[in-house]
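> Build the 3D model from these lines:
(one chain, ligands or ions: 1)
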Amino acid sequence: MAAQTTAPGVRDREIAAEQAHLDRVYSRLEEKIHEAEFLMNDAAQRGQVGTPGALAERDAQVFRAGVHLNRLNNEFEDFLFGRIDLLRGKDGRKGADGAYTSIEPADDAVRGDGTAEVAETLHIGRIGVLDAEYAPLVIDWRAPAAAPFYRSTPVAPGRVVRRRVIRSKGRRVLGVEDDLLRPELTTGLPVVGDGALMAALGQARTHTMRDIVSSIQAEQDVVIRAPAASVTEVSGGPGTGKTAVALHRAAYLLYQDRRRYSGGILCVSPTPLLVAYTEGVLPSLGEEGQVAIRAVGSLVDGVTADLYDDPAVARIKGSLRMLKVLRNAARGCLELPSAPGAGAGGGRGAGGGADARPTRLRVVAFGRRVELEADELAAVRQQALSGTTPVNLLRPRARRLLLDALWRRAGRSFDDPDLAAQERAGFDEDISTEPDFTDFLDAWWPVLEPARVLAALADDKRLSRWARRVLSPPEVRRVARSLRRSGTSVHDVALLDELDTLLGAPPRDRRREVDPLDQLTGLEELMPQAAAETRRERAERLARERTEYAHVIVDEAQDLTPMQWRMVGRRGRTATWTIVGDPAQSSWTDVDEAARARDEALGSRPRRRFTLTVNYRNPAEIAEVAATVLALAMPGSPSPRAVRSTGIAPRYEVAGDDLGADVRSAARRLLEEVDGTVGVVVAMDRRAQARGWLAGLGDRVVALGSLEAKGLEYDATLVVAPAEIAEESPAGLRTLYVALTRATQRLTVLAVPADLPDAAGVPDLLRAD
Ligand SMILES: Nc1ncnc2c1ncn2[C@@H]1O[C@H](COP(=O)(O)OP(=O)(O)OP(=O)(O)O)[C@@H](O)[C@H]1O
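Down below sits the predicted model:
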């Protein structure tokens, strides 16, 4: 790329030119805001007078104005961030946004002597703004006309002569960074700065992710703008921008087809920490409400997963083997006392106490007792349970079969079929409203709730009955023990969701009626007097109530267990999908089983695959250390190419007798060396300990269990006792690879004796030889 100039005079002149443009944009935005406010006031004053058609039109107008106003009023930092200067397009045709549509330059755009005119200058921003004559002042970054800003490279520049990234704060332009894409041409365009990407990558990190809208790279842009059809699968090593790309893609899809995606976009993240880290990105892109970012442990409403199972238990609970166990449990729970699993002591083992399920049904019909004994009841239950219908939905069937059995037992016969039918109808009505019968049915075929069935698995004996020939006795003991803790684990959530499907929704009381205002255009949100709930509350409510989505994004897809794939799959049965992940970072051991479950969730939809190859996070010095672990974790797997180097090698230290003191002092040193954040990664069972070690060092530093580090990044990372992380689970080496790839600037590795450090303090696992 051409040498860039930083001559102060040129720089100031260029900044002043962009400032003038930004001023025009803001004065146009002010005009638009006034227009929108006028429209709303006018509509509000006209009140409810008019024909239904006119009122509906007015409502629609107000709605559009309100949405626009909302977006304009949003304080965007660097609202305008890009500019491209282009040659004339091949066919000279312009699109709806006023820009030339052709990607390639006209044949005569470049003269024989290598000089050329810039025919078009486009400014790119977070939303599009037209001037009063409908000429584009700012092009929305997602519009087709903005694509060359991201796609052009010096190898394939298309019409782009110069690409400029504009840095601004509020209404003030602070700086510009240029890339010259056709350095061979003489166009008279000045070129300023060192390029925007490096400037972005060198910035200190906070605890929230930033959008990358001003520096999306060509290979990333291809993924962001890939057509929505079917399944888009993106793989790439750590730091290649998979998460960033997935989120920008959500914003792009909404822009492209807002109506289609009003069905909601679900973004599934592995941990609540990653949700918190990423959830600011979409609002910064002007998108809110339509996208729900949820941790895989928070996909079931009303359940918060606050525990991690140890790897051996997680492996069992995540496996498809649990399906059989849960199916047995869903049915087996009908046999249990009325509150299975509740109050461990109550009646269990006593051969059926006061709360045991009833073993006899006794009603009065035709003036005499009619009874069904245990064996008859068992036969009825078996008949009712044949097939795969969810247990709670079989209750009416069981009720009918009981009535049939009682009718047979009553022994009434009639020659006249009409009379028989009449008698039978009367019998059914009488019996099924009799408390003896209804109480019996409630106790004998209770409505089962997922949480209660899961709790029932906490009993060793029961679980081993339901898991016969599926789990080994030690596995049964482990799972049962894990379920006796108070709290729900991340892996329990997928089991609860599966049970919800196996049991079927119990008949709910339908308190939530359809709100007639929902049928309107959104007027109720904009008019304070009509608003029962705010826009945000409504968005949150809709997100809560939504169980199926129009598009599903899965981040860190390599970590989803088979049971979790089933859970996520149920939320996107008719959706299109974007799946991003990196097999080398997988903490799940049975890769084949997970792949099968993933295939099942995605069905036969066609898939389009992309690979990202450049590591934007780690400097080469850190990427190199990570690559030695990758070679052990997944021999032959390629490492992504680090885009920059800092000249700062990772530091190796060996802990003495007081590990806590050494962790603290290494963390403190990193805090002095970087302006932003420091992540201290320890084995999962050292988490609480590590938090104690770091107490009082401030909120720039955080302690993380190895599995919690997924997807996050810090200016500096301290990895404590790598061997402990590697030995935590069969996938431990891959988890260590994740831990080593979190830093944007500095990495310290603190070894303990188990790491077998050499004289330089380098742990055995991290040595390249
Ligand atoms: N084009 C870009 N411009 C500026 N920064 C970028 C760009 N692409 C990625 N980054 C930055 O690189 C870092 C890594 O991105 P991201 O977290 O999306 O990677 P990832 O592939 O999901 O990583 P991992 O697999 O480790 O979770 C982030 O700080 C992101 O902002």
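> what about L197, helix or strand, and which?
In the assignment (DSSP states H and E), L197 maps to helix 196-201.
> Check which helices and strands that helix sits against.
Packing contacts for helix 196-201, counted by 3 or more C-beta pairs under 8 Å, 6 or more residues apart in numbering; DSSP states H and E, involve strand 160-169, strand 172-180. Just so you know, the C-beta spots here come from the backbone N, C-alpha and C atoms, and that holds for glycine as well.
> Can you point out the buried residues in stretch 360-368?
L361, V363, A365 (16 or more other C-beta atoms under 10 Å).
> how far away is A218 from L80?
Distance from A218 to L80, counting by C-beta to C-beta, to the nearest Å: 22 Å.
> For the two, work out which one has more neighbours and name it.
Applying other C-beta atoms under 10 Å to A218 and L80 shows that L80 carries more neighbours, namely 23 against 13.
> what sits against the more buried one?
E18, H21, L22, V25, H123, I124, G125, V138, I166, S168 (C-beta atoms under 8 Å, 6 or more residues apart in numbering).
> Among those residues, which ones are in helices?
Among the contacts of L80, DSSP state H puts E18, H21, L22, V25 in helices.
> Flag every residue of this structure that's near the ligand.
Residues of the chain found near the ligand (C-beta under 6 Å from any ligand atom) are 197, 200-201, 210, 212, 215-217, 220, 236, 238-244, 582, 585, 616-617, 711, 713, 741.
> Return a ChimeraX selection command for the buried portion of these.
Of those, the buried ones can be selected in ChimeraX as follows, counting by 16+ other C-beta under 10 Å:
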select :197,200,201,212,215,216,217,220,236,238,239,240,241,242,243,244,582,585,616,617,711,713,741
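> And for the nearest residue to W466 once chain neighbours are set aside, the neighbour number?
Distances taken as C-beta to C-beta, 6 or more residues apart in numbering place N328 nearest to W466, at 3.8 Å, with adjacent residues excluded. Counted with other C-beta under 10 Å, the neighbours of N328 add up to 19.
> From V173, how far out is N328?
67 Å.
> Please report phi then psi for P446.
phi -70, psi 160 (degrees, to the nearest 10).
> Looks like it contacts P337 (just checking).
No: when contacts are counted by C-beta atoms under 8 Å, P446 is not listed as touching P337 (9.9 Å).
> coming back round to it: so which of the residues of the chain next to the ligand are in helices?
L197, A200, L201, Q220, K242, T243, A244.
> bridging residues for the closest residue to the fifth one other than its chain neighbours?
Closest residue to K242 apart from its sequence neighbours, by C-beta to C-beta, 6+ apart: V580 at 4.0 Å. V580 forms beta bridges with V234, as assigned by DSSP bridges.
> Give the ranges of residues in the stretch 451-600 of the chain that sit below the confidence cut-off.
Applying pLDDT under 70 to the stretch 451-600 of the chain flags the ranges 506-546.
> do that again at 80, thanks
505-547, 588-591 (pLDDT under 80).
> What ranges does it have for its strands?
Using DSSP state E, counting those that start in this stretch, the strands of the stretch 451-600 of the chain run over 551-554, 576-581.
> Please apply the same query to the stretch 201-350 of the chain.
231-236, 265-269, 291-295.
> The longest one - what's its average pLDDT?
By that I understand strand 231-236. What strand 231-236 shows for mean pLDDT is 95.
> same check, this time on the second one
Across strand 265-269, pLDDT averages out at 94.
> how close does G660 sit to A688?
In terms of C-beta to C-beta, G660 sits 12 Å off from A688.
> between the two, which one's more packed in?
G660 (14 against 10).
> What are the buried residues along the helix or strand harbouring that one?
Using DSSP H and E, G660 falls within helix 659-673. By 16+ other C-beta under 10 Å, the buried positions in helix 659-673 come out as L659, D662, V663, R664, A666, A667, R669, L670, L671.
> Tell me the one among the residues you listed nearest to the ligand.
L670 (17.9 Å; C-beta to the nearest ligand atom).
> so what's the nearest residue to that closest one once chain neighbours are set aside bridging to?
Spatial nearest neighbour of L670, excluding adjacent residues (C-beta to C-beta, 6+ apart): A716 at 4.0 Å. On the basis of DSSP bridges, A716 is bridged to V678, R746.
> Quick one: neighbours of A716, just the number.
Residues lying near A716 (other C-beta under 10 Å) number 27.
> cool, the one 10 residues further on as well?
The tally of other residues near A726 (other C-beta under 10 Å) stands at 25.
> ok, now which ones touch it?
The contact partners of A726, taken as C-beta under 8 Å, 6+ apart, are G732, L733, T735, L736, L765.
> ditto for D107
K90 are the contacts of D107 under C-beta under 8 Å, 6+ apart.
> what secondary structure does it sit in?
Secondary structure state of D107, per DSSP: H, G, I helix; E, B strand; the rest coil, is coil.
> Over to V363?
strand.
> thinking it is in contact with E434, fair?
Yes: judged on C-beta under 8 Å, V363 makes contact with E434 at a distance of 5.8 Å.
> Which residue is the nearest non-sequential neighbour of the residue in the stretch 401-550 of the chain positioned nearest to the ligand?
Here the stretch 401-550 of the chain gets closest to the ligand at one residue, V490, 17.9 Å apart by C-beta to the nearest ligand atom. Nearest non-adjacent residue to V490, counting by C-beta to C-beta, 6+ apart: G297, 3.8 Å away.
> and if you look at D590?
S319 (6.8 Å).
> how close does that neighbour get to the ligand?
Distance from S319 to the ligand, counting by C-beta to the nearest ligand atom, to the nearest Å: 24 Å.
> what does S168 give?
17 Å.
> out of everything not next to it in sequence, what's closest to that residue?
D78 is the one closest to S168 (C-beta to C-beta, 6+ apart), at 5.0 Å.
> tell me the contacts of the one you found?
Counting by C-beta under 8 Å, 6+ apart, D78 has contacts I166, R167, S168, K169, S214.
> Buried among the residues you listed? Need that as a selection in PyMOL.
Buried subset of the contacts of D78, written as a PyMOL selection, criterion 16+ other C-beta under 10 Å:
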select buried, resi 166+167+168+214
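> Closest one to R412 out of the contacts of D78, please.
Using C-beta to C-beta, S214 comes nearest to R412 of the contacts of D78, at 83.1 Å.
> okay but R172 is in contact with D23, surely?
No: between R172 and D23 there is no contact under C-beta under 8 Å: 10.0 Å.
> Which pLDDT value belongs to the residue nearest to D590?
93.
> That one: what's it in contact with?
T561, P562, M563, D590, E593.
> before we move on, what about T153?
Contacts of T153 (C-beta under 8 Å, 6+ apart): L181, A218.
> Let's verify it: helix, strand, or coil?
T153 ends up coil, using three-state DSSP.
> Now it, what are its backbone angles?
Dihedral angles for T153 - degrees, to the nearest 10 - are phi -130, psi 160.
> how many neighbours does V110 have?
For V110, using other C-beta under 10 Å, the count is 20.
> and what of the one 5 residues further on?
Using other C-beta under 10 Å, T115 has 11 other residues around it.
> hang on, isn't it packed against T187?
Yes: the pair T115 / T187 is scored as a contact, 7.3 Å apart, by C-beta under 8 Å.
> Can you read off the pLDDT for the closest residue to R88 other than its chain neighbours?
Leaving out its chain neighbours, the residue that sits closest to R88 by C-beta to C-beta, 6+ apart is A119, at 3.8 Å. A119 carries a pLDDT value of 86.
> how near is A119 to D178?
18 Å.
> Ok, R664 next?
Distance from R664 to D178, counting by C-beta to C-beta: 45 Å.
> before we move on, what about A759?
On the measure of C-beta to C-beta, A759 and D178 end up 48 Å apart.
> and if you look at I725?
Plainly put, I725 is 43 Å away from D178 if you go by C-beta to C-beta.
> circling back to that earlier point, retrieve the pLDDT associated with the residue nearest to W466.
Model confidence at N328 (pLDDT) stands at 94.
> mind listing what it touches?
N328 neighbours (C-beta under 8 Å, 6+ apart): R465, W466, A467.
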